[in-house]
Every structure is written in structure tokens, then in C-alpha cells.
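Generate coordinates for the sequence data below:
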Amino acid sequence: MRRLLSTVAAATLVAGGLTLSMSQVAAQTGSATGYATQNGGTTGGAGGQTVRATTGTQIHQALCSRPSTSTPIVIEVQGTINHGNTSKVSGPGCDTAADVIELKKISNVTLVGVGSGAVFDQLGIHIRESSNIIIQNVTVRNVKKSGSPTSNGGDAIGMESGVRNVWVDHVTLEASGGESEGYDGLFDLKNNSQYVTLSYSILRNSGRGGLVGSSESDRSNGYVTYHHNVFQNLDSRAPLLRGGIGHMYNNHYDDIAESGINSRAGARAKVENNYFQDSKDVLGTFYTNERGTWQVAGNVFDGVTWSSQGSENYPAGPNPESTTSVSIPYSYSLDDAGCVPAMLGEISGANKGNRVSDGNCEAENPTDPDPTDPDPTDPDPTDPDPTDPPGGSNLSLGAGADGSSKASGTGYGNVIDGDLGTYWSPNGTTGRISVKWGTPATVSAINIREASGATGAIGSWRVVNHDTGAVLATGSGAGVITFAPTTLRKINFEITGSNGTPRVAEFETYAG
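Numbers count the residues shown, from 1 in each chain. Okay, here's the model as predicted:
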């Protein structure tokens, strides 16, 4: 795979992948994309005063200290913003409330995470009756609508009531469960919110990704672009689109349990060059008979399952075809869908240096291996295995598997089938292979077994708790890797350097 990236921060491309230097972002970087460029554009607080805030109260104070509600301002945020440090502030330039970041009846504001990062912990960002807003490089997590504490109706970022021109970029929005655990949407637009772009962001670990329109009658929203985002471990709403137009391109959909892009109530979705992986019903009209439409091109459906059509259930698959045509008014460049998983794993979300794609990534399809070729790298299942696995049962047997990419002739499931004669290789020299379970498993050791003839190809690696992003271990070479017992639903083995093309025959997992 050839990956071409550009960055507004200092960057150095190194051999074998996407590793770039991680210069700290000192202010808002880049320019708005997608529908946020229309209707006069979105510039946020450009040209205004720049102030630093380390509490939610200071964010409100910065807004309230402006001469007017439209005076441009850039608010750089560092540290953890929570209920304990977010109070209501009054003044001519604001209309705030406690226990939520309130961007209400204002315009021309940039909110950007800087330094070591900005985390809004159990505290949502509410945009109401406002315009020309930029939110960049922040994490918003575990915002609840029920239980304690509550904030913003349970939405990580929510917009309503005449909102115009919002660009949300390089953010991480996450929860720790669904509605039964007290959480709602991660990115919601309601009641006449338009000209919005969500780019290079991660939405994960929630029952609901986000919606456009709060009911079948709320059709005044739209003109929304979603590009280069990761939608991961969600039940549904990626997004739910009621009325209006949505443009979804170069996104990675991974582990969507119930439904993905739900175009309904007359909505029109343009769906291009996305990578849909290990998910169900990723496109269609669901939970209503008021149907929407879609235009599809260049997408990859990898491990996607489709339900049968019936009342209030109209999946686009198993062979999605266009049912409408959508004209896009802005310019944009498409990366090949095959590039998307590995690329977005490196550049999407908060604290990634605000790196972006240059739109020229092309996925290469290697020639299928010739079964008559006596190449010594062809695995021989009779070769002795050099590793000594831990005691106990291999938890990978009967589990699921996925990854960032797979070379022609290889498969993710080959690493959990107990057969040393099959293997997975990334589409390149680096990549991710994962084992996952439907219910949490406790793991304290893994055994990476290379295919015969490929010994030594794996260079540097890291083991990651996919659920939280925590790095469990780092090192180099294949074999047994141990770490503190960790309960999780998915574990990643990420190859970050190699001495050739890695071939993983088995990814074994053990409780101890």
C-alpha cells in the first residue's frame, strides 16, 4: 500500500509505514472541508484574540469577556474539563450554564486542544443557535443523560436550533456503553442544523454514533460531511440521517453491531470509498417504512453481513446499488478504500498531530501467489514450531478476528483456526491483526506464531487493548508476549516495523 500524507505540523515520513513526528499542536490548524466550506465558509475565531483555558469555567469566562457575542476568539484548551471545574459565567458575550460547555447564541469561536491534550470528562459540548464554530483536537468521553453526573442530554457534541457552519476535526468521542448505561449520541444534529463537517475523528464504544434529525418530522437538518472518520464498536447511527443530504467518504466502519448509515425519511446519502468491516447492515433504511436513498461507489465490504428485507428493514446489501444521485458542491479528493483502515489508524482522532491525507493514497493489489511456485516462504505445516506457548487454553479458538488490511491470498481468520498451514499478511510491511470476543475475556499472554519460512520477518510491534487504546506491551520479533492480566473484548497486535513481509500463522491468546 502506498500511503501519502500531508501535515500542518512538522512531519517526517520513515521507511515502512506512516510514522510521523508528533510536534505539539499549538493552535487550530488547517482549513474547513466538506459542507462546512459552504454558506459563507467556517473560519471560527480566526483573527481574534487567543486565550488559554484549563477549566470549563475559564472557557466560559473567555466567551463572556468578549465585547459581543460575535467577537472572534480562539480558546486553547489544555487539561481535563469536568463538572468540578465548569460553572456558569455571565457577561455580554455569552449565555452559559454549569456542567456543560455552552456555545449558545454566539458566533466566530474556535475551541482547540493544545499541549498534552484536552479531555472533556463526562461533560458535553452544546452548540445552540450559533454559527461559525470550530472544535478541534479534543476528547469528549462518557457523557451521560441518566445516572450521575449528567450533561448535555447525554450527547458528547450536540447541535440544535438554527446552528450553521460547524467544523469538528480530529476529535475523539467515546462512551462506555449504550442507552441502558446512561449514554446517548456522540455527535447529534437537531432542529435546523446545517453546513457541518466531521473529519479525521473517532467515534467509538457507544450504542449510538449520532443522528441528523431528532424525529421523522425533523427534516430541516442536513448538508453534513463525514470524512476520514473511524466509527468503531457502535450499535447503530453511523449516522442516522433523517431528511437532508449527507456525504460520507473515506471512513472506516468497524464492528457496527446493528446498523450503520441509516438513510431514512427522504434523506439522500452519498457513500464513497469507505471501508466497512466486520459489521452488520452498514447501509440502508432501518426501523421505519419512511425510506431514504443513497448513491454508492468505491466502497469495500469486508466481513459485512446483511439481514433480510422486511417491514421497517431495508438493507442496501448484499450487493449495494445506487438509488439516487447526489451532486456535491465542493471539491474533494478520494483515497482508495483499501488504504483507509491503516491510514486512519495513524491520523484520526485527538492528539495525532492534526495530520491529514493528501487524497492520493492508492491501494495496491498484489498478484495472487502461484500455488506451483516452489518459493521457500510457502509454509510447511510439518516444520517444527520454535515457540513454547503458555499453559492453559488458547482463547483465540472460537473467537473472531479482523485487521487493518490483508494481502491477497491471506485472511484474518487464518490466525485463529489452529492451522499453521494458513496465515495472514498485511497489505504491505506493517499492519494490525486483532482477536475479538463477543463477551469480555481476560488475557495476560499472547503467542505470535510466524508461518514457516517467514521466521524473523516481524520487527517492532506493540500490543494494544483495543477497547481503551492502552498499550499493553512493546518489543520486536515473534513468540510469547506477557503483560498484566487485562479484561477486554478485542486485542490488537500492531506490527510497526518489519524485515520483510510478515506472515502470522496463529495469534494465540491465554488467560495466564
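
which one is residue 476 nearest to, not counting chain neighbours?
Spatial nearest neighbour of residue 476, chain neighbours left out: residue 460 (4.8 Å); criterion: C-beta to C-beta, 6 or more residues apart in numbering. Placement of C-beta: from N, CA and C, glycine included.

for residue 466, same thing?
residue 490 (3.7 Å).

re earlier: I'd say the residue nearest to residue 476 and residue 494 touch.
No - using C-beta atoms under 8 Å, residue 460 is not in contact with residue 494, being 9.4 Å away.

hmm, back to that, can you pull the contacts of the residue nearest to residue 476?
474, 475, 476, 495, 496, 497 (C-beta atoms under 8 Å, 6 or more residues apart in numbering).

next one: residue 337
250, 273, 274, 275, 298, 299, 300, 363.

Of those residues, which belong to strands?
Counted as lying in strands by DSSP state E, out of the contacts of residue 337, are 275, 300.

and which of the contacts of residue 337 is nearest residue 197?
residue 250 (12.8 Å; C-beta to C-beta).

Just confirm that closest one contacts residue 335, I think it does.
Yes - counting by C-beta under 8 Å, residue 335 is a contact partner of residue 250 at 5.2 Å.

any residues in contact with both of those two?
273, 357.

Look at these two and report which has more neighbours.
Neighbours were counted for residue 250 and for residue 335 using other C-beta atoms under 10 Å; residue 250 has more, 28 against 25.

now the chain, which segments are flagged as low pLDDT?
Applying pLDDT under 70 to the chain picks out residues 1-27, 364-389, 512.

Show me how it divides into domains.
5-357, 400-510 (automatic domain parsing).

Please state the offset of the shortest one from the chain centre?
With C-alpha atoms, centre = their mean, to the nearest Å as the basis, domain 400-510 stands 21 Å off its chain's centre.

picking that back up, most neighbours among the contacts of residue 460, please name it.
Neighbour-wise, these (other C-beta under 10 Å) top out at residue 495, 27 neighbours.

quick one, what contacts that one?
426, 429, 430, 431, 432, 433, 458, 459, 460, 461, 502.

same deal with residue 211?
185, 188, 189, 190, 237, 239, 240, 241, 242.

Apply 6 Å and report the result again.
When contacts are counted by C-beta atoms under 6 Å, 6 or more residues apart in numbering, residue 211 touches 185, 188, 237, 239, 240.

Same check on residue 77?
53, 113, 118.

Would you double-check that residue 418 falls in a helix?
No - under DSSP: H, G, I helix; E, B strand; the rest coil, residue 418 sits outside any helix and is assigned coil.

The stretch 301-450 of the chain: helices as residue ranges?
In the stretch 301-450 of the chain, the segments counted as helices under DSSP state H, counting those that start in this stretch are 340-347.

the inter-axis angle of the strand ranked longest in the chain versus helix 340-347?
Longest strand in the chain by number of residues (criterion: DSSP E): strand 431-450. Orientation note: strand 431-450 sits at an angle of 100 degrees relative to helix 340-347 (axes from the mean of the first three to the mean of the last three C-alpha atoms, to 10 degrees).

Check which residues of the helix or strand following strand 431-450 are buried.
Next helix or strand after strand 431-450 toward the C-terminus (DSSP states H and E): strand 460-465. Neighbour-count burial for strand 460-465 flags 461, 462, 463, 464, 465 (criterion: 16 or more other C-beta atoms under 10 Å).

got it, and stretch 505-512?
Under the neighbour-count criterion of 16+ other C-beta under 10 Å, stretch 505-512 has 505, 506, 507, 508, 509, 510 buried.

and what of stretch 62-81?
Here stretch 62-81 shows 62-66, 69-81 as buried, counting by 16+ other C-beta under 10 Å.

Just the residues you listed: which are in strands?
73, 74, 75, 76, 77, 78, 79, 80, 81.

Export these as JSON lines, with columns for distance to residue 197.
Shown next, in JSON lines, are these (distance: C-beta to C-beta, whole Å):
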{"residue": "73", "distance to residue 197": "21"}
{"residue": "74", "distance to residue 197": "19"}
{"residue": "75", "distance to residue 197": "20"}
{"residue": "76", "distance to residue 197": "21"}
{"residue": "77", "distance to residue 197": "20"}
{"residue": "78", "distance to residue 197": "24"}
{"residue": "79", "distance to residue 197": "27"}
{"residue": "80", "distance to residue 197": "27"}
{"residue": "81", "distance to residue 197": "23"}
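
can you list contacts of stretch 228-243?
Residues from elsewhere that reach stretch 228-243 (C-beta under 6 Å, 6+ apart): 178, 199-213, 219, 250-260, 262-267, 269, 344, 348.

same deal with stretch 140-148?
120, 122, 124, 150-154, 156, 173-176, 182-184.

How far off centre is it?
20 Å.

Residue 252 and residue 274 touch, don't they?
No - between residue 252 and residue 274 there is no contact under C-beta atoms under 6 Å: 7.3 Å.

So between these two, which is more surrounded?
Just comparing residue 252 and residue 274: by other C-beta under 10 Å the higher neighbour count belongs to residue 274, 27 against 24.

how near is that one to residue 31?
23 Å (C-beta to C-beta, to the nearest Å).

how many neighbours does residue 445 have?
For residue 445, the neighbour count with other C-beta under 10 Å is 19.

Who is the residue nearest the centre of the chain paired with across the strands?
Closest residue to the average C-alpha location of the chain: residue 230 at 2.0 Å, with C-alpha atoms, centre = their mean. Residues in a beta bridge with residue 230, per DSSP bridges, are residue 202, residue 252.

And for residue 53?
When bridges are called by DSSP bridges, residue 53 pairs up with residue 77.

try residue 194
What pairs with residue 194, by the bridge criterion (DSSP bridges), is residue 164, residue 222.

I'd assumed residue 223 was in contact with it.
Yes - Residue 194 is within contact range of residue 223, at 4.9 Å (criterion: C-beta under 6 Å).

where does residue 84 land in three-state SS?
Look at residue 84: counting by three-state DSSP, its state is helix.
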